[in-house]
Every structure is written in C-alpha cells, then in structure tokens.
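1. Provided below for reference: sequence and predicted model.
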Amino acid sequence: MDAIPTLATARYYSAINFAGDRKDGLLAKTTLGKIRLTPDHAAQALHVLIADGKIAAKAVTDALKRRESMIADLRKRLAALEAGVMAKDGPFPMSLSRARRGRRKAKRKVSAARRAALKLHGRYLGLVRTLPKAAKAKIKAIREKSGVKAAIAAAKRLGR
C-alpha cells in the first residue's frame, strides 16, 4: 500500500458508497459522478477502509459474492431469452399462449328492458338515500303499491 491516491482519506470515506449500503447493490449515481477510481485505487481504498475499521472485510467479501451470484443469474436469464424459453411468470406475459394465461369470461349482454330497470332502480336509490326514515317508509309503500316510477316522482316531491 505505498501508493495511496492523492485525495485525502476522509474524502474517500464520504464519497465511496459500497454495495452493502443499498439493497440493489449498486453505487449511488451521485457517488459515481463525484469520484473516478481505477481498479488499483479502489483496491487501495478498500484496504485503507478495512484497516481503519470503517468496513469489515466480511462485508466486502459478501458484496463480491452477491455480485458474482447476480452475474450468474443475469447470464442464466440471458441464455433463457436467447433460447426463447420463458419462465411461467417471465417478463413477457403476453407471449404466453392463451391456454396458459387462462380463458377470458364472456360478458353477459344486458337486455334493454333490464338496463332500463337498473337505471330506474339507481334513480330510486339516489333519491331515497337522502330522505329521513319516515319519508323512506312512505316512499317504500308507494313503490309496493304503484311501482318504481310513482315512487321516484313522490321522492322528488318529498326531497324538495
């Protein structure tokens, strides 16, 4: 360790962000812009940080192991892409056949009469919702006796 970089050691401490600091194992973008390290300088900085007790040697070896496993995983995924074989939940789910994705359920068609009944029911509920309990009971009785349209008209009158 004769040739320590010319920057002060304290600057290395503040500028270097090691893989153990982040879950994704990458250096922060700001760190990469602050300092440029040659492989020799990076090794020397690691030695200085380990010697000063700022970083444990195990943290460095663990980071290197994670890097190797990440590279192996990327190579495996790249080989699968090149071979055209995708995992069940791969990055291209649209490439799976329809049989593997499952069938879509067909939408039931709603008849015009049913649609009109649903529309009236929605109006009825919207008007009755704001009425007090006594008025709701009156409107409910009108609906039973005369139908939904009469109940809607009565609810409009009571709601004013």
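-> Thanks, I have it. Numbering: from 1, shown residues only.

2. for the chain, what's the longest helix?
-> helix 57-83 (DSSP state H).

3. List the buried residues of that one.
-> Ala59, Val60, Ala63 (16 or more other Cβ atoms under 10 Å). (C-beta placed from N, C-alpha, C; glycine too.)

4. least trustworthy helix or strand in this protein by mean pLDDT?
-> Each helix and strand of the chain was given a mean pLDDT (mean pLDDT, DSSP states H and E); the minimum falls on helix 9-15 at a mean of 42.

5. returning to that earlier point: now, which of the buried residues of helix 57-83 sits nearest Lys149?
-> Using Cβ to Cβ, Ala63 comes nearest to Lys149 of these, at 74.3 Å.

6. Distance of that closest one relative to Asp40?
-> 18 Å (Cβ to Cβ, to the nearest Å).

7. next one: Ala72
-> Applying Cβ to Cβ to Ala72 and Asp40 gives a distance of 26 Å.

8. and the spatially closest residue to Ala57 that is not a sequence neighbour, how many neighbours?
-> In space, and not counting its chain neighbours, Ala57 is closest to Ile50: 5.3 Å by Cβ to Cβ, 6 or more residues apart in numbering. Counted by other Cβ atoms under 10 Å, the residues lying close to Ile50 total 15.

9. these two touch, right, Ile50 and Lys58?
-> No. With contact defined as Cβ atoms under 8 Å, Ile50 and Lys58 do not form a contacting pair (10.0 Å).

10. Just send the buried residues of helix 57-83 back as CSV, with pLDDT and distance to Arg108 too.
-> Formatted as CSV, these follow (pLDDT from 0 to 100; distance: Cβ to Cβ, whole Å):
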residue, pLDDT, distance to Arg108
Ala59, 89, 60
Val60, 87, 63
Ala63, 88, 57
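
11. Helices of the protein, start to end?
-> 9-15, 29-34, 39-51, 57-83, 98-101, 112-129, 133-146, 148-159.

12. Below-threshold pLDDT in this protein: ranges please.
-> 1-34, 85-102 (pLDDT under 70).

13. Residues touching stretch 140-154, excluding its own?
-> Residues from elsewhere that reach stretch 140-154 (Cβ atoms under 8 Å, 6 or more residues apart in numbering): Leu120, His121, Arg123, Tyr124, Leu127, Val128, Lys138, Ile139.

14. rerun at 10 Å
-> 117, 120-121, 123-124, 126-128, 135, 138-139, 155, 158 (Cβ atoms under 10 Å, 6 or more residues apart in numbering).
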